[in-house]
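> here's my sequence, what's the structure:
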Amino acid sequence: MNRLATRLTLVIVGVALLTTLLALLQGYLFERQAQELPTAVRDPLMAITDGLEQERTPESLRPQFEALIKGLTQNYEEVQALGVRFSRLRDQVLVLSIGVLVILSVGLALFLARRISGPITAVAGAAARIAEGDLSARAELPHYARRSRDETAVLAHHFNAMAAALEQLERERQALIADIAHELRTPLTILQGQLDAIQDGIVPFNQGELGKLDAQTELLSRLIDDLRTLSLADAKRLTLERVPTDLVSVARRVCDSFREKAQRQGLTLDFRSTAPHAPFTADPDRLAQVLTNLLENAVRYTPSGGWVGVSVKTLSGGLKLSVEDTGPGLSHEAQARVFERFYRAETSRGRAGGGSGLGLAIVRTLVELHGGRVEAHNRAAGGAAFHVTLPQVQDAQTLIKMGS
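I've put the predicted structure just below:
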């Protein structure tokens, strides 16, 4: 029962009980007075009657006394009848009080039933529509419950919030399926076109064409691996192999693997660290994947002659890994959505770059699994900057390994 219903119930029950108690008290007083009055009349009447019978009353006064006795006898009988009427009146008052209490209880029950069942009925109707596939259905609350904080109203508000989240989730699922279909269709279409051209003799079957085919199959393979990683994360089955790790060593190794690619694109790739080592407990392979995805993104969208920088800094109780570039930067919307799956900020960061559209989403997933966070913003000098902050969890083995 909600708070308002409880308060109303207490008030009505209290009034009914008070009315009943007053009726009982009044009936008790009436009955007591009716009992005392005949006694007060009866005792003098009996004394006079005894005097007459014992002939102690003068003969001249006997008629007057007999008339007085007769009148008093009649009054005594009337008082007794009045006491009976008082008792009946008390019984009637009790019956009336009980009837009023029953009527009030029935009325209260009907009022509360309607008030409580209103939001619940709305929730039931909306749930039935959602079960039929209408995810836009919401519980239409009665006007008195729209700003109420009673339990049933709160239930309806929570239901509407859940329905809105479910509808948003379904929209995202449909968009995700459409994006996956598009991402898979693009390299498959290119593969099919190149193979058809080779079969028809339009293009020669040589090493160059094989390289193009291999690039598209590699893109397909990377897309499938990325989807598998995200699906494992969504199912809470993506685990980390935490071991003593040096973030500086991991970052330097990944940067070295990108130097040749950066040079081919005419980019300068720098690596800096504020300390020779950054020891902590983590999954080095997943951290390498994080930095690889960030560098892929930076190298892909930085024009020739540009600069890409990687840095590792030690913080109070944590580590900071940063990747910066001199590319086109990010719009205000992109800074908030760049880590969403298949999100592309602009045409310059589109499918033509060869990315799967999942790299940065995987970065956020892996960083959060490590208990960290990742942020994106624009550099003051131009370009984009991605900062990964990780808690510096250490154990004895980490320190021993770094010391050796």
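> buried residues in stretch 311-321?
For stretch 311-321, burial by neighbour count (16 or more other C-beta atoms under 10 Å) applies to 311-314, 318-321. Placement of C-beta: from N, CA and C, glycine included.
> max pairwise distance over those residues: which two?
By the measure C-beta to C-beta, the buried residues of stretch 311-321 have their two most distant members at Ser311 and Gly318, which lie 14.4 Å apart.
> on that earlier part again, closest one to Leu294 out of the buried residues of stretch 311-321, please.
Using C-beta to C-beta, the buried residues of stretch 311-321 come closest to Leu294 at Leu321, 8.3 Å.
> how near is the closest one to Val363?
Look at Leu321 and Val363: by C-beta to C-beta, to the nearest Å, they are 10 Å apart.
> find residues that contact each of the two.
Contact criterion C-beta atoms under 8 Å, 6 or more residues apart in numbering; residues shared by Leu321 and Val363: 290, 388.
> wait, a strand at Ser311?
Yes - counting by DSSP: H, G, I helix; E, B strand; the rest coil, Ser311 is part of a strand.
> residues touching it, list them.
By C-beta under 8 Å, 6+ apart, the contact set of Ser311 is 271-274, 320-322, 324.
> returning to what we had before: would TSV of the buried residues of stretch 311-321 with distance to Gly14 and pLDDT be doable?
Below are the buried residues of stretch 311-321 laid out as TSV (distance: C-beta to C-beta, whole Å; pLDDT from 0 to 100):
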residue	distance to Gly14	pLDDT
Ser311	73	96
Val312	72	96
Lys313	69	95
Thr314	69	92
Gly318	61	92
Leu319	66	95
Lys320	65	96
Leu321	68	97
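> hmm, which helix or strand of the protein has the shakiest average pLDDT?
helix 396-403 (a mean of 44; mean pLDDT, DSSP states H and E).
> selecting buried members of the contacts of Ser311 in PyMOL, what would you type?
Buried members of these, defined by 16+ other C-beta under 10 Å, are picked up in PyMOL with:
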select buried, resi 271+273+320+321+322+324
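> tell me the least confident of the contacts of Ser311?
Within the contacts of Ser311, pLDDT reaches its minimum at Thr274, with 90.
> surely it meets Val312?
Yes - if you go by C-beta atoms under 8 Å, Thr274 and Val312 touch, sitting 7.1 Å apart.
> the strands in this protein, which residues?
Taking DSSP state E, the strands of the chain run over residues 243-246, 268-273, 279-282, 307-315, 318-325, 373-378, 384-391.
> can you get me a residue count around Ala153?
23 (other C-beta atoms under 10 Å).
> same check, this time on Ile116
Residues near Ile116, counting by other C-beta under 10 Å: 19.
> with Pro187 instead?
Neighbours of Pro187 under the rule other C-beta under 10 Å: 22.
> show the pLDDT at it.
Note for Pro187: predicted pLDDT of 81.
> tell me if I'm right that it and Gln216 touch.
Yes - at 4.2 Å, Pro187 counts as touching Gln216 under the criterion of C-beta under 8 Å.
> where do the domain boundaries of this structure fall?
As recorded under automatic domain parsing, the domains making up the chain are 3-131, 168-234, 243-403.
> now do the buried residues in stretch 285-294.
For stretch 285-294, burial by neighbour count (16+ other C-beta under 10 Å) applies to 286-294.
> and of those, the nearest to Ala181?
Using C-beta to C-beta, those come closest to Ala181 at Asn293, 22.5 Å.
> and the helices in the chain?
3-53, 62-131, 151-199, 207-234, 247-264, 284-301, 332-337, 359-369, 396-403 (DSSP state H).
> now do the same end-to-end measure for stretch 235-242.
With C-alpha to C-alpha, to the nearest Å as the measure, stretch 235-242 spans 20 Å from end to end.
> can you check stretch 368-380 too?
End-to-end span of stretch 368-380 (C-alpha to C-alpha): 27 Å.
> next: stretch 195-204.
This stretch, stretch 195-204, spans 10 Å end to end (C-alpha to C-alpha).
> before we move on, what about stretch 380-389?
Using C-alpha to C-alpha, the two ends of stretch 380-389 sit 20 Å apart.
> from the buried residues of stretch 311-321, pick the one nearest Phe386.
For those, the nearest to Phe386 is Leu321 (8.7 Å; C-beta to C-beta).
> let me know whether that closest one touches Glu375 as I believe.
No - counting by C-beta under 8 Å, Leu321 does not reach Glu375; the two are 11.5 Å apart.
> which residues do the two both contact?
Common neighbours of Leu321 and Glu375, counting by C-beta under 8 Å, 6+ apart, are His387.
> quick check: which of the strands of the chain is nearest to Ala262?
Nearest to Ala262, of all these, is strand 268-273, at 4.2 Å by C-beta to C-beta.
> that closest one pairs with which strands?
strand 307-315 (parallel) (DSSP bridges).
> what would the strands of the chain look like in JSON lines with distance to Thr229?
Compiled in JSON lines, those are given as follows (distance: least, C-beta to C-beta, whole Å):
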{"stretch": "strand 243-246", "distance to Thr229": "19"}
{"stretch": "strand 268-273", "distance to Thr229": "25"}
{"stretch": "strand 279-282", "distance to Thr229": "17"}
{"stretch": "strand 307-315", "distance to Thr229": "22"}
{"stretch": "strand 318-325", "distance to Thr229": "19"}
{"stretch": "strand 373-378", "distance to Thr229": "16"}
{"stretch": "strand 384-391", "distance to Thr229": "17"}
